[in-house]
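Asks: A structural model of the following input is requested.
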Amino acid sequence: MRIGELAALAGVTTRTVRHYHHLGLLPEPARRANGYRQYGLRDAVTLARVRRLTELGLGLVEVRDVLADDAGRELREVLAELDADLARQEEEIRRRRERLGALLGQVEEGGQLPAEGPYSEQLTELFGEMRRVSGTLPGPEPAMAAKEREMLEMLELAAGSGNGERMVSLVREAVAPPGAMERIYEVYALLDELAEAGPDDPRVAQAARALAACIPVKMLGAVRLDRDEPAVTVFEDSYFADLAPAQEEAVRQALRLVLEPGEGTT
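Replies: Numbers count the residues shown, from 1 in each chain. Here you go, the predicted structure:
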């Protein structure tokens with residue numbers, strides 16, 4: 001058989017056959033006197049097997065290992081590993097569909113999705129509690145509340161899936177007690193008042209003390225453990241760059257109060 005005939009028999013293209021030669025999946029056959037490749041039945045069987053294995057989801061490198069005499073891994077082992085990986089993907093898809101279903105149900109019940117979302121499940125619950133408290137305020141929501149939501153969303157992403165979810169969980173734990181979120185909104189209002197102030201304004205220390213009382217120490221510990229992660233450093237720099245000078249000073253003083261009790265706000 002010539003390459004075109006082999007490709008047609010296996011249901012692939014001649015370009016695919018040449019690619020498999022390049023990767024070592026299909027041995028180069030003997031050539032005729034005119035230079036054309038001459039394929040036999042064994043080549044067709046090998047090519048068909050490669051196609052079946054790739055259709056199961058194996059990568060080409062894994063297929064090459066399975067076909068190699070010295071691969072050291074039996075087909076059963078490779079397929080079991082593939083099955084476990086597909087099971088993990090299936091579970092992830094199931095969780096995503098549950099999340100989408102909840103969002104669709106919210107719309108069908110007459111609710112509205114946040115324009116910035118959708119968020120993770122934890123952030124959705126946390127931001128829902130923020131909206132509840134914001135709705136009880138006599139005036140507009142403090143601008144710092146919106147910045148806080150952006151910070152939490154970026155923190156969850158910057159810290160990576162596992163660590164980000166853990167930090168958001170610690171924030172939710174901190175606002176769970178009755179009245180905790182209301183106290184945080186009082187801090188937002190204090191920080192809003194510093195938008196046009198200088199870092200030496202006497203209200204900075206007051207805002208710092210109020211903020212320190214709301215910060216979960218465990219969350220700061222988790223952030224410090226991740227300081228070697230470039231994404232976390234970028235997040236921290238971006239967050240402070242978005243604050244006014246007096247607001248930044250208040251936040252930094254609050255962090256010192258939490259991490260170094262007794263040092264005071266200097």
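Asks: Who are the packing partners of the lengthiest helix in the chain?
Replies: Under DSSP state H, the helix in the chain containing the largest number of residues is helix 75-108. Helix 75-108 is packed against helix 60-67, with contacts defined by 3 or more CB pairs under 8 Å, 6 or more residues apart in numbering; DSSP states H and E. In this view, the C-beta of every residue, glycine as well, is placed from N, C-alpha and C.
Asks: now the angle between helix 75-108 and the helix it packs on, please.
Replies: Using axes from the mean of the first three to the mean of the last three CA atoms, to 10 degrees, the inter-axis angle of helix 60-67 relative to helix 75-108 is 150 degrees.
Asks: Can you spell out which helices and strands pack onto helix 60-67?
Replies: Applying 3+ CB pairs under 8 Å, 6+ apart, we find helix 60-67 packed against helix 14-23, helix 41-55, helix 75-108.
Asks: buried ones in it?
Replies: 62-67 (16 or more other CB atoms under 10 Å).
Asks: Which one of these is nearest to A174?
Replies: E62 (45.9 Å; CB to CB).
Asks: Find me the pLDDT at the closest one, would you?
Replies: Listed pLDDT for E62 reads 78.
Asks: Distance of it relative to A68?
Replies: From E62 over to A68 the distance is 11 Å, taken as CB to CB, to the nearest Å.
Asks: hmm, what's the outermost residue in the chain?
Replies: Counting by CA atoms, centre = their mean, the extreme residue of the chain relative to its mean C-alpha position is A33, 57.4 Å from that point.
Asks: that's a helix at that one, yeah?
Replies: No: applying DSSP: H, G, I helix; E, B strand; the rest coil, one finds A33 to be coil, outside a helix.
Asks: Could you pull up the residues touching it?
Replies: Applying CB atoms under 8 Å, 6 or more residues apart in numbering, we find A33 in contact with no residue.
Asks: Next: E173.
Replies: Applying CB under 8 Å, 6+ apart, the residues near E173 are P216.
Asks: can you confirm it is in a helix?
Replies: Yes: remark: E173 belongs to a helix, assigned using three-state DSSP.
Asks: CA atoms only for stretch 211-218, dumped as CSV, please.
Replies: Taking Å, rounded to 0.1, in the frame of the first residue of the first chain, the C-alpha atoms of stretch 211-218 are listed here in CSV:
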residue,chain,number,x,y,z
LEU,A,211,-10.2,48.0,60.6
ALA,A,212,-7.8,45.9,62.7
ALA,A,213,-10.7,44.7,64.8
CYS,A,214,-12.3,43.3,61.7
ILE,A,215,-9.3,41.6,60.1
PRO,A,216,-9.0,37.8,60.5
VAL,A,217,-5.5,37.0,61.7
LYS,A,218,-5.6,33.6,60.1
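Asks: who touches that stretch?
Replies: Residues from elsewhere that reach stretch 211-218, judged by CB under 8 Å, 6+ apart: 170-171, 173-174, 180, 183-184, 187, 190-191, 250-251, 253-255, 257-259.
Asks: at 10 Å what do you get?
Replies: Applying CB atoms under 10 Å, 6 or more residues apart in numbering, the contact partners of stretch 211-218 are 144, 166-167, 169-175, 180-181, 183-184, 186-188, 190-191, 222, 250-251, 253-259, 261, 265.
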